[in-house]
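1. Whatever this is, show me its structure:
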Amino acid sequence: MLKNWSDDYSLGVDEIDAQHKRFFEATHRLYDSILNCEGENAVEDAMMFLEDYARQHFSTEELYMQKHGYPRLKYHKRLHAEYFDTLDRLLDEFRIFGSSQDLADRVLEVAQDWLIDHIIDEDSQYAKYAKGHPEN
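-> Numbering: from 1, shown residues only. You can find the predicted model right below:
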């Protein structure tokens, strides 16, 4: 089931929360396309958004963690790299085989599961840490 943005996902960091909200909106657009059997047409745009979004968003997060001296920054960067590895595999598949409804479903799954779980499991940890550790 597609998750909606809620305050449960809010980290209390305005810039990062705004980026997360944009991500949820994009995920919903892809989901709507899939429901309307247009996922095959939307998959390239979705993957390009996910790549562009991640580059900007991960940079923002990593800078924020660095400013606050977050001790798990290296680990968090590795998680970001793993996301790009997953996205690269999907992009390679798209380049080789083209778009398909199945690929759209898997892109949505990556967006929905990986990034949302990442917000809940990982991002919440650095936000909590930063609240007790002002910028260096």
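2. Output the below-cut-off pLDDT ranges for the protein.
-> Residues of the chain that meet the criterion pLDDT under 70 lie in 1, 37-41, 136.
3. Now Tyr70. Nearest residue, chain neighbours left out?
-> Using CB to CB, 6 or more residues apart in numbering and skipping residues adjacent in sequence, the residue nearest Tyr70 is Tyr126, 4.9 Å away. Glycine gets a C-beta too; all of them are placed from N, C-alpha and C.
4. what about that neighbour, helix or strand, and which?
-> Under the criterion of DSSP states H and E, Tyr126 resides in helix 124-132.
5. Flag every buried residue along that helix.
-> Ser124, Gln125, Tyr126, Ala127, Ala130 (16 or more other CB atoms under 10 Å).
6. Arg55 versus the last one, what's the distance?
-> Okay, so that is Ala130. Note on Ala130: its distance to Arg55, by CB to CB, to the nearest Å, is 22 Å.
7. show me the contacts for the residue positioned nearest the centre of the chain.
-> The C-alpha lying nearest the average C-alpha coordinate of the chain belongs to Leu115 (CA atoms, centre = their mean; 3.9 Å). Applying CB atoms under 8 Å, 6 or more residues apart in numbering, we find Leu115 in contact with Phe23, Tyr83.
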